[in-house]
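Build the 3D model from these lines:
(chains A and B)
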Number of protein chains: 2
Amino acid sequence: MASEKPYLAVTCTAPVNIAVIKYWGKRDEELILPINSSLSVTLHQDQLKTTTTAVISKDFTEDRIWLNGREEDIGQPRIQACLREIRRLARKRRSGDEEDPLPLSLNYKVHVASVNNFPTAAGLASSASGYACLAYALAQVYGVESDLSEVARRGSGSACRSLYGGFVEWQMGEQADGKDSVARQVAPELHWPELRVLILVVSAEKKLTGSTVGMQTSVETSPLLRFRAEAVVPARMAEMIRYVKERNFQGFGELTMKDSNQFHATCLDTFPPISYLNDTSRRIIHLVHRFNAHHGQTKVAYTFDAGPNAVIFTLDDTVAEFVAAVRHSFPPESNGDKFLKGLPVKPGPLSDELKAALGM
Amino acid sequence: MASEKPYLAVTCTAPVNIAVIKYWGKRDEELILPINSSLSVTLHQDQLKTTTTAVISKDFTEDRIWLNGREEDIGQPRIQACLREIRRLARKRRSGDEEDPLPLSLNYKVHVASVNNFPTAAGLASSASGYACLAYALAQVYGVESDLSEVARRGSGSACRSLYGGFVEWQMGEQADGKDSVARQVAPELHWPELRVLILVVSAEKKLTGSTVGMQTSVETSPLLRFRAEAVVPARMAEMIRYVKERNFQGFGELTMKDSNQFHATCLDTFPPISYLNDTSRRIIHLVHRFNAHHGQTKVAYTFDAGPNAVIFTLDDTVAEFVAAVRHSFPPESNGDKFLKGLPVKPGPLSDELKAALGM
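Down below sits the predicted model:
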């Protein structure tokens, strides 16, 4: 019987997702309901992931949590919201299931240890993979099998998108209770095998304005953000889903860049203004546009979240040349071997014409 | 008789104006009609001005122009538009005036020499003072006395605002021919004697994206710009005029900053994106907000045109302390004595509390 087990331990991993139609702004701070739908690409877990172990035991006297080896306050409202929600779902399931009566384990306290293999809070969506992993790990130990969108969302809005691989839409929903504000897979992991992601780490420092406070201030003060959410994003969502389904990189890339720029525009329209991009980010933007102009088509696209680091989308046949262009524009003297991480990439040859076009 | 004069020379000066409700985007490229009204503060000519000499002579065989001592192509469309317009107005005036028949001088060619005492094309509105001065000088030599809004506007839209001192509104107008797109003084030069302007020169380099091309691309590609022009600016114009009339610095300063930020937001929403602000500009923005937060009120406001240089508005009683704060945050080692120019300013004492608040 489950109730006699002294402890139950589960370890899972969750991926990072990169939004190409951005989420910025909540219509409900408590339930974490967004003012617009968003769409993201889930990254492979080889390079970026959160690994979370959850253990429940009758010997534990309190819930506890460790992030990257350091104990954190379990009382944080977001973590508490996840715990409450998962226990509510667990109770609901057990009470409706005659053959699986409420086990003791539901009352067990939980210890959680979570580790990211990449910098936290530097605009690399660490909270998304973190809360997706937390939701999934808790669901495993407490025996919850329903949709976890709400649990993950209560931790960090975009975390619900990390519950699926491939291309994922977070539908904003309309209901006041948020039941229809859920993540949905638009296309599976293997849908677009040529698509590649490069992350150009500009700074791994913790950002000055966190996303939660930032988007709250934006909702309160930016006239452009409201317009974006209501009048621009709905059409962009439909357009982006079409590009993904058609594997149309030109359309996908251009709209990804436009939506990143518009998100940062609404940050700048916030008062006081929020700037996540720095001069290096802008040099990368410039580099991408020159690279594309040289080729006469969108071969590479950037997107920036709430931080200066660039996420680059391209196709496999362009990776080598673009990496060479990055090395040309940002010579890696001081970084040495650490300049390139991840899948093996051999920077390709750079034509003199392209070098001239990059102009650096 | 005027027709017997061998030549006529006139020298005039024109001031720079700094928009606090920004002009960005034309609805008619040829007539230079804006998509929204704008409002500016005309600066005193002691520090920043254009000086233009226009000479007409029967001995001149062609029109010629020199800018900052270098001859430029007189065939430039903007200069040609001004010349055509002023000669049209001159002919119109003479033909309607029996006592002042068409003099020979109207057919004389003109030589123009114009000098700015500040960097050109670095986002310091050099084209505004330049074309205002050109329009005025040409009007003098050709004997035109009508409203010069259109002549100046055909050179550079915001130039029409430099025709007046004090606080000046450029009404966008509604007519297709632009006859009602004119500058109008909202309050005279001496209306707000305590108001002070500081220009923090971040870079005197020529900007990467000129205003003309920049705003054209914005109109074509930024969904946020259209919304701003139609739904945000009209209310802001009314609000700003009220603040100016009431000499309400809190309101004036806050709205000035918001409108600057929104203008740069629409630049970022342009595709490819335009960035006029750099990391130093952003440090200045940050400094101003910290300074104001420390004082619990808007004592200083920034605005940025199409370049990284900050224009700071404040009141006379705050200048010394703010200059000290700038020196504290941007120590002038390498600039030496050139750090401060203009009216004598003695940086005031900086409290330890303020230094801590600035946190640099």
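
now residue A:144: how far from residue A:154?
Residue A:144 is 14 Å from residue A:154, where distance means C-beta to C-beta, to the nearest Å. Any C-beta I mention is one placed from the backbone N, CA and C, and that applies to glycine too.

higher neighbour count, those two?
Applying other C-beta atoms under 10 Å in any protein chain shown to residue A:144 and residue A:154 shows that residue A:154 carries more neighbours, namely 26 against 23.

Do I have it right that that one meets residue A:78?
Yes. Residue A:154 lies in contact with residue A:78 (C-beta atoms under 8 Å); the separation is 6.9 Å.

so who does residue A:155 touch?
With contacts defined as C-beta atoms under 8 Å, 6 or more residues apart in numbering or on different chains, the neighbours of residue A:155 are A:78, A:79, A:81, A:82, A:127, A:130, A:131, A:134, A:135.

Relative to residue B:314, which of these is nearest.
The nearest member of those to residue B:314, counting by C-beta to C-beta, is residue A:127 at 39.6 Å.

In a helix, the closest one, correct?
Yes. Residue A:127 sits within a helix when classified using DSSP: H, G, I helix; E, B strand; the rest coil.

how many other residues sit next to the nearest residue in space to it that is not next to it in sequence?
Of all residues not flanking residue A:127 in the chain, residue A:156 sits nearest, at 4.0 Å (C-beta to C-beta, 6 or more residues apart in numbering or on different chains). Each residue near residue A:156 was counted by other C-beta under 10 Å, and the total is 24.

swap in residue A:177?
For residue A:177, the count of nearby residues is 11 (other C-beta under 10 Å).

Wasn't it part of a strand?
No. Read with three-state DSSP, residue A:177 is coil and lies in no strand.

Show the contacting residues for it.
Residues touching residue A:177, when contacts are defined by C-beta under 8 Å, 6+ apart, comprise residue A:31.

How much space separates it from chain B?
Relative to chain B, residue A:177 is positioned 31 Å away (C-beta to the nearest C-beta, to the nearest Å).

quick one, phi/psi of that residue?
Note on residue A:177: its backbone torsions stand at phi -90, psi 0 [degrees, to the nearest 10].

mind listing the strands for the stretch 201-350 of chain A?
For the stretch 201-350 of chain A, strands defined by DSSP state E, counting those that start in this stretch occupy the ranges A:300-304, A:310-315.

Which of these sits closest to chain B?
With respect to chain B, and counting by C-beta to the nearest C-beta, the nearest of the strands of the stretch 201-350 of chain A is strand A:300-304 at 10.0 Å.

Report the secondary structure state of residue A:24.
From three-state DSSP, the assignment for residue A:24 is coil.

correct me, but it touches residue A:266?
Yes. Taking C-beta under 8 Å as the contact criterion, residue A:24 and residue A:266 are neighbours in contact, 6.3 Å apart.

which residues do those two both contact?
Looking at what touches both residue A:24 and residue A:266 (by C-beta under 8 Å, 6+ apart), the common residues are A:218, A:225.

what about the nearest residue to residue A:68 once chain neighbours are set aside, how many neighbours?
Take residue A:68 and drop its neighbours on the chain: the residue closest to it by C-beta to C-beta, 6+ apart is residue A:115, 5.7 Å away. The local packing count at residue A:115 equals 16, with neighbours defined by other C-beta under 10 Å.

which ones are touching residue A:115?
By C-beta under 8 Å, 6+ apart, the residues touching residue A:115 are A:50, A:51, A:52, A:67, A:68, A:69.

A strand includes the second one, no?
Yes. Assessed by three-state DSSP, residue A:51 belongs to a strand.

per-residue pLDDT, residue A:350?
Residue A:350 is assigned 88 on the pLDDT scale.

mind pulling up the phi and psi values for it?
Backbone torsions for residue A:350, taken as degrees, to the nearest 10, come to phi -120, psi 120.

give the contact list for the nearest residue to it once chain neighbours are set aside.
Setting aside the residues directly before and after it, residue A:350 is nearest to residue A:324 in space (C-beta to C-beta, 6+ apart), at 4.5 Å. In this structure, residue A:324 makes contact with A:347, A:348, A:349, A:350, judged by C-beta under 8 Å, 6+ apart.

Look up how far chain B lies from the closest residue to the third one other than its chain neighbours.
Closest residue in space to residue A:349, ignoring its immediate chain neighbours: residue A:324 at 6.9 Å, by C-beta to C-beta, 6+ apart. To chain B, residue A:324 is 22 Å away according to C-beta to the nearest C-beta.

same thing with residue A:109?
When C-beta to the nearest C-beta is applied, the distance between residue A:109 and chain B equals 41 Å.

now residue A:31
Note on residue A:31: its distance to chain B, by C-beta to the nearest C-beta, is 28 Å.

what's that residue sitting at in phi/psi?
Taking degrees, to the nearest 10 as the convention, residue A:31 sits at phi -90, psi -10.

Show the pLDDT at the residue nearest to residue A:62 when sequence neighbours are not counted.
Sequence neighbours aside, residue A:109 is the residue nearest to residue A:62 in space, at 5.5 Å (criterion: C-beta to C-beta, 6+ apart). Predicted confidence (pLDDT) at residue A:109: the value is 94.

next one: residue A:103
On pLDDT, residue A:103 comes in at 59.

Residues of chain A that sit close to chain B?
A:223-224, A:227-228, A:231-232, A:254, A:257-258, A:261-262, A:264-266, A:268-273, A:275, A:277-279, A:282, A:285, A:289 (C-beta under 8 Å from any C-beta of the partner chain).

make it 7 Å
Those residues of chain A that sit near chain B, judged by C-beta under 7 Å from any C-beta of the partner chain, are A:223-224, A:227-228, A:232, A:258, A:261-262, A:264-266, A:268-269, A:271-273, A:275, A:278-279, A:282, A:285, A:289.

which of those are buried?
A residue is treated as buried here by neighbour count (16 or more other C-beta atoms under 10 Å in any protein chain shown); on that basis the buried members of the residues of chain A next to chain B are A:223-224, A:227-228, A:232, A:258, A:261-262, A:264-266, A:268-269, A:271-273, A:275, A:279, A:282, A:285, A:289.

Can you give me the domain assignment for chain A?
Under the assignment automatic domain parsing, the domains of chain A span A:2-190, A:195-358.

right, and those - which one's nearest residue B:150?
When the domains of chain A are compared by C-beta to C-beta, domain A:195-358 sits nearest residue B:150, at 31.8 Å.

Hmm, residue A:314 is touching residue A:300, no?
Yes. A contact is recorded between residue A:314 and residue A:300 when judged using C-beta atoms under 7 Å, the distance being 4.6 Å.

so what sits against both of those two?
By C-beta atoms under 7 Å, 6 or more residues apart in numbering or on different chains, residue A:314 and residue A:300 have these common neighbours: residue A:322.

How many neighbouring residues does the residue nearest to residue A:271 when sequence neighbours are not counted have?
Here the nearest residue to residue A:271 in space, its sequence neighbours aside, is residue A:221; by C-beta to C-beta, 6+ apart that works out to 4.3 Å. Around residue A:221 there are 15 other residues, counting by other C-beta under 10 Å.

where does residue A:201 land on pLDDT?
For residue A:201, the pLDDT comes out at 85.

what about it, neighbour count?
Here the number of neighbours of residue A:201 (other C-beta under 10 Å) works out to 17.

what residues are up against it?
Contact partners of residue A:201, counting by C-beta under 7 Å, 6+ apart, are residue A:309.

Now the phi/psi pair for it, please.
Dihedral angles (degrees, to the nearest 10) for residue A:201: phi -80, psi 110.

okay but residue A:221 is in contact with residue A:270, surely?
Yes. Residue A:221 is within contact range of residue A:270, at 5.4 Å (criterion: C-beta under 7 Å).

still on that earlier bit, name the element the residue nearest to residue A:68 belongs to?
The secondary structure element spanning residue A:115 is strand A:109-116 (assigned by DSSP states H and E).
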